[in-house]
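**Q** Have a look at this prediction, sequence included:
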Amino acid sequence: MQTLKQQWFGNIRGDILSGIVVALALIPEAIAFSIIAGVDPMVGLYASFIIAVVIAFAGGRPGMISAATGAMALLMVPLVREYGLDYLLAATILTGIIQILFGIFKVAKVMKFVPNAVMIGFVNALAILIFAAQLEHFIGISTLTYVFVAITLILLYTLPRFIKVVPAPLIAIIALTTVAIFSGAELRTVGDLGAITQSLPSFFIPDVPFTFETLQIIFPYSLSLAIVGLLESLLTSQIVDDMTATESNKNRESRGQGIANVITGFFGGMAGCAMIGQSVINVKSGGRGRLSTLIAGIFLMFLIIVLGDLVVQIPMPVLVGIMISVSVSTFDWSSFKYIVRAPRTDAFVMIATVAIVVYTNDLSKGVLIGVLLSAIFFVVKISTVKITQEGNCYTVHGQLFFASIDGFVDYFKKADIKQNNIQIDLSQAKVWDESSVGALVKVMDLLKERGIDVEIVEIDQSSKKLVEQLNSLYSSS
Amino acid sequence: MYKHILLASDGSENAVRAAKEAVKLASYNQEAVIDVVYVVDIEKSKYDVLHSNSKEAADLARRKKNSKVLQFLNEANVTYKTTILRGEPGPEIVKYANEQGVDIVVIGSRGLNALQEMVLGSVSHKVMKRVNCPALIVK
């Protein structure tokens, strides 16, 4: 891994430029995710500023961008609706504490057990929810709203062909906000949904009663936020690792996410995590080091302080258009091919993950059930034992352990064996536990009653120790 | 004759056709080395990470992609080495070719029609325009 100096100053020019590009792209998202969560735009903007700045120092993956995200915003909706902003801030701090613990106890390793079917389901469900959250802001409001959404989308998908330096969302915002202001078009604006404060965030302790009851309210949210935040952050860090052909420290990243969320909570920001889209933009724009993340955060705050008055005038349909394009690029479009080509159980797990998330509006539930389902499928698959017969030799294929022995014993119960002596070949099998030795004994007894002698052959070394017990059982009787 | 021959490979049939021409060029010079350059497209990183269960599986899938070309070169009995780059394929190939001062670039063309080329852009065309050495585009 690179030295700290390289991580900070190894790519100054590229990092500064990409940091600026990311800051520009972050503003509409931070505002839109605040609106999804049901809080003032400042909550998401402060969060994006603080998380980016803190993660630049505390994170484990240089060049990755963390800020307020859609995945986290979606989880907060019920908490904000029922209890308000202060409970969200308290939950954000608790989320950070849980993530720091995750980091200390090296929970990042558990990521290996989240199969890719679940991760694909995760990004797809996220895309669908972000899209669905936009509907109320443009369906059935006015014809002009539809027109603005459509123009925004057209600009977003055609501009990058001609202008590569300035992010298309920014051009769309500037152009269409100008048009809206000067034409006096009747459109809802960001200002209708919340205020922008042109000042730096300040430290305060969330105004919640410090009681067990409060903890009971926020803990389930914090746990979900901690899990989803870590999952998206680790997925993003894998993508950045892959893009840059470097490695990163996943446990440090987990602790860093936690530290960032604790600090954000105390400065009036909502919980966030790493962002796939923004991190990809950063790396593609030449960002590699910690400096790029720091610049992204600082420049974002600078823009809000300078341009806050204009930000409130951004028409909502433009923001909606940008969010639709975010959901389109979040969705894994190869999933349709995946459903057809992947093993049936994997395809099922992916669809189930999406369905559960869309039904419950909770990404963490989808992930947990997805992991459980694939674990069950795995056990079912591995506990299937196949037996092939050739002459008087019966070859066992698969794993012999407590969950698989029923099928094994049943086979010999039902088998119509004509010979007086048979061989059971274990060369294609592995004996895992006492239960399977017991099953072998059972089969031998069973066949003995029918007057058939059994010889067990071709046992691998590690299985041998267990099977030797069987010999001692039989020699003593 | 050409000594350092850059063969740009995306692992496709077009790349195999290009490899055939690269072998012909190499046959004129005992010392010629074919440098098989495979660019891992970082646009596809998200897809590759999502669709492989581990880093090792993703690496294997990429190696397999290039295997047709390498198999052909093995059979052709020429000296070759492989270079794996990361980034946007066209510009990365150009950058590498110019930095290394290769003698010629051999690249397969995808055979897109005019409309596809306008939308998708032709990697081989871009490479040809920007490298400082001769380029051979193989149809």
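**A** Here it is on my side, so go on.

**Q** and chain B, which residues reach chain A?
**A** By CB under 8 Å from any CB of the partner chain, the residues of chain B that approach chain A are B:40, B:42-43, B:45-55, B:58, B:86. Heads up, the C-betas are built off the backbone N, CA and C, glycines and all.

**Q** of all those residues, which comes closest to A:Met42?
**A** Compare each of those with A:Met42 using CB to CB and the shortest gap goes to B:Lys46, at 30.5 Å.

**Q** residues in contact with the closest residue to A:Ile35 other than its chain neighbours?
**A** Leaving aside its sequence neighbours, A:Ile35 sits nearest to A:Leu193 (CB to CB, 6 or more residues apart in numbering or on different chains; 5.5 Å). Residues counted as contacts of A:Leu193 (CB atoms under 8 Å, 6 or more residues apart in numbering or on different chains) are A:Ile35, A:Pro41, A:Met316.

**Q** By neighbours, which of those residues wins?
**A** The residue in those with the most neighbours, by other CB atoms under 10 Å in any protein chain shown, is A:Pro41 (27 neighbours).

**Q** Can you show me the strands along chain B?
**A** B:4-9, B:33-41, B:80-87, B:104-108, B:135-138 (DSSP state E).

**Q** ok so, going back, any chance of the contacts of A:Leu193 in CSV with pLDDT as columns?
**A** CSV is the format used below for the contacts of A:Leu193 (pLDDT from 0 to 100):
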residue, pLDDT
A:Ile35, 94
A:Pro41, 93
A:Met316, 93
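
**Q** Confidence-wise, which helix or strand of chain B is lowest on average?
**A** Ranked by mean pLDDT, DSSP states H and E, the weakest helix or strand in chain B is helix B:114-120, scoring a mean of 61.

**Q** could you flag which of the residues of chain B next to chain A are buried?
**A** For the residues of chain B next to chain A, burial is judged from neighbour counts taken by 16 or more other CB atoms under 10 Å in any protein chain shown, and it is met by B:Val40, B:Ile42, B:Ser45, B:Lys46, B:Tyr47, B:Asp48, B:Val49, B:Leu50, B:His51, B:Ser52, B:Ala58.

**Q** Give me the subset of the residues you listed lying in helices.
**A** B:Ser45, B:Lys46, B:Tyr47, B:Asp48, B:Val49, B:Leu50, B:Ala58 (DSSP state H).

**Q** how about the residues you listed, which pair is most distant?
**A** B:Lys46 and B:Ala58 (11.4 Å).

**Q** pLDDT at the residue in the stretch 351-477 of chain A that chain B sits nearest to, what is it?
**A** Going by CB to the nearest CB, chain B is nearest to A:Ser374 of the stretch 351-477 of chain A, at 11.0 Å. At A:Ser374, the model reports a pLDDT of 94.

**Q** what separates stretch A:142-158 from the chain centre, distance-wise?
**A** 30 Å (CA atoms, centre = their mean, to the nearest Å).

**Q** Out of the buried ones among the residues of chain B next to chain A, which comes closest to A:Val457?
**A** Among those, B:Ser52 lies closest to A:Val457 (CB to CB), at 38.8 Å.

**Q** Report the spatially closest residue to that closest one, excluding sequence-adjacent ones.
**A** Residue nearest to B:Ser52 in three dimensions, not counting chain neighbours: B:Ala58, with 4.0 Å by CB to CB, 6+ apart.

**Q** That neighbour is in contact with B:Leu50, isn't it?
**A** No - taking contacts as CB atoms under 8 Å, B:Ala58 lies outside contact range of B:Leu50: 9.8 Å.

**Q** burial measure for residue 87, as a count.
**A** All of this refers to chain A. 20.

**Q** I was thinking of chain B, sorry if that wasn't clear
**A** Residues lying near B:Gly87 (other CB under 10 Å) number 19.

**Q** quick one: A:Ala37 from B:Lys95, how far?
**A** As for A:Ala37, its distance to B:Lys95 is 43 Å (criterion: CB to CB, to the nearest Å).

**Q** Revised request: answer the last question for A:Val367.
**A** Look at A:Val367 and B:Lys95: by CB to CB, they are 40 Å apart.

**Q** Comparing the two, which shows the higher neighbour count?
**A** Shown here are A:Val367 and B:Lys95; by other CB under 10 Å, A:Val367 has more neighbours (23 against 14).

**Q** do you know how far A:Gln2 is from chain B?
**A** Shown here: A:Gln2 relative to chain B, a distance of 16 Å by CB to the nearest CB, to the nearest Å.

**Q** now swap in A:Pro209 and tell me
**A** According to CB to the nearest CB, A:Pro209 and chain B sit 43 Å apart.

**Q** any idea how far that residue lies from A:Ser222?
**A** Taking CB to CB, one finds A:Pro209 at 17 Å from A:Ser222.

**Q** Please identify which of these two sits among more neighbours.
**A** Applying other CB under 10 Å to A:Pro209 and A:Ser222 shows that A:Ser222 carries more neighbours, namely 25 against 9.

**Q** residues of the helix or strand hosting the more buried one that come out buried?
**A** Per DSSP states H and E, A:Ser222 falls inside helix A:212-244. For helix A:212-244, burial by neighbour count (16+ other CB under 10 Å) applies to A:214, A:217-218, A:221-222, A:224-244.

**Q** do the same with stretch A:195-210
**A** Buried-residue list, stretch A:195-210, by 16+ other CB under 10 Å: A:Ile196, A:Thr197, A:Pro201, A:Pro206, A:Val208.

**Q** how far off strand B:80-87 does the helix holding A:Ser222 point, in degrees?
**A** If you take axes from the mean of the first three to the mean of the last three CA atoms, to 10 degrees, helix A:212-244 sits at 140 degrees to strand B:80-87.

**Q** quick one, the helix or strand following helix A:212-244 and helix A:212-244 angle?
**A** Scanning forward in sequence from helix A:212-244 by DSSP H and E, the next helix or strand is helix A:250-266. For helix A:250-266 against helix A:212-244, the angle by the same axes, to 10 degrees is 130 degrees.

**Q** just the CA coordinates of helix A:250-266, formatted as PDB?
**A** Extracted C-alpha coordinates of helix A:250-266, given in PDB (Å, rounded to 0.1, in the frame of the first residue of the first chain):
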ATOM      1  CA  LYS A 250     -11.400  -2.200   4.600                       C
ATOM      2  CA  ASN A 251     -11.400  -2.100   8.400                       C
ATOM      3  CA  ARG A 252      -9.900   1.400   8.400                       C
ATOM      4  CA  GLU A 253     -12.600   2.400   5.900                       C
ATOM      5  CA  SER A 254     -15.300   1.000   8.200                       C
ATOM      6  CA  ARG A 255     -13.900   2.900  11.200                       C
ATOM      7  CA  GLY A 256     -13.500   6.000   9.000                       C
ATOM      8  CA  GLN A 257     -17.200   5.900   8.000                       C
ATOM      9  CA  GLY A 258     -18.100   5.600  11.600                       C
ATOM     10  CA  ILE A 259     -16.000   8.600  12.700                       C
ATOM     11  CA  ALA A 260     -17.400  10.600   9.800                       C
ATOM     12  CA  ASN A 261     -21.000   9.900  10.800                       C
ATOM     13  CA  VAL A 262     -20.400  10.700  14.500                       C
ATOM     14  CA  ILE A 263     -19.000  14.100  13.600                       C
ATOM     15  CA  THR A 264     -21.700  14.700  11.000                       C
ATOM     16  CA  GLY A 265     -24.400  14.000  13.600                       C
ATOM     17  CA  PHE A 266     -22.900  16.600  15.900                       C
END
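
**Q** List the buried residues in the host helix or strand of A:Leu319.
**A** In this structure, A:Leu319 sits in helix A:316-330 according to DSSP H and E. Neighbour-count burial for helix A:316-330, counted by 16+ other CB under 10 Å, picks out A:316-327, A:330.

**Q** Could you chop chain A up by domain?
**A** What automatic domain parsing lists as the domains of chain A is A:4-332, A:383-476.

**Q** Lovely, talk soon.
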